[in-house]
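In: Prediction below, plus the sequence it came from.
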Amino acid sequence: MHPRPIALPLCLVGALLLGGCVRWATLGEVPTAEPALRQEFTVWVGNRHYRVHGLRLSADSVSAVPYLQPPSCDSCRLAFSRRDITSIQVQEEAQFRTALVFAGVAVVGGVAMAVSGIVP
């Protein structure tokens with residue numbers, strides 16, 4: 001007897017659960033101190049948003065690099081006037097949700113292995 005195929009359902013459940021590992025927090029204002037180089041932000045200017053990292057701050061502007069580019073890419077750097085920034089969001093690790101994800105994956109994986117006959 002062959003075990004039932006479970007790879008696809010496990011992948012789908014895993015992908016859904018992994019969304020719980022991070023959250024986006026809206027900041028009340030632009031940070032005053034330069035954050036970690038790889039800290040991810042979403043900068044909103046009007047109805048456009050930019051996913052960035054490598055923020056550099058000055059008195060009247062914020063510059064950053066698109067997230068898919070290395071933070072050291074000065075030719076990729078975008079500049080925003082502080083007064084034009086509608087809002088800024090920072091990506092944070094949601095530790096409680098991350099713990100729930102790992103527990104959920106373990107439970108779902110254990111049940112799937114038991115149902116498929118991989119574990120007696």
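Out: That came through fine.

In: Return the list of helices and strands in contact with the helix or strand hosting R23.
Out: For R23, the enclosing helix or strand under DSSP states H and E is strand 22-27. Applying 3 or more Cβ pairs under 8 Å, 6 or more residues apart in numbering; DSSP states H and E, one finds that strand 22-27 makes contact with strand 87-93. For glycine as for every other residue, the C-beta is placed from the backbone atoms N, C-alpha and C.

In: and the angle for the strand it packs on with strand 22-27?
Out: 150 degrees (axes from the mean of the first three to the mean of the last three Cα atoms, to 10 degrees).

In: What average pLDDT does strand 87-93 get?
Out: For strand 87-93, mean pLDDT is 87.

In: so how far is it off the chain centroid?
Out: In terms of Cα atoms, centre = their mean, to the nearest Å, the centre of strand 87-93 is set 9 Å apart from its chain centre.

In: Let me see the ranges of the strands in this protein.
Out: Along the chain, counting by DSSP state E, strands occupy 22-27, 41-45, 48-57, 61-66, 78-81, 87-93.

In: Which other helices and strands does the third one contact?
Out: Contacts of strand 48-57 with other secondary structure elements, assessed using 3+ Cβ pairs under 8 Å, 6+ apart, are made with strand 41-45, strand 61-66, strand 78-81.

In: quick one: E40 from P71, how far?
Out: From E40 across to P71, the span is 11 Å (Cβ to Cβ, to the nearest Å).
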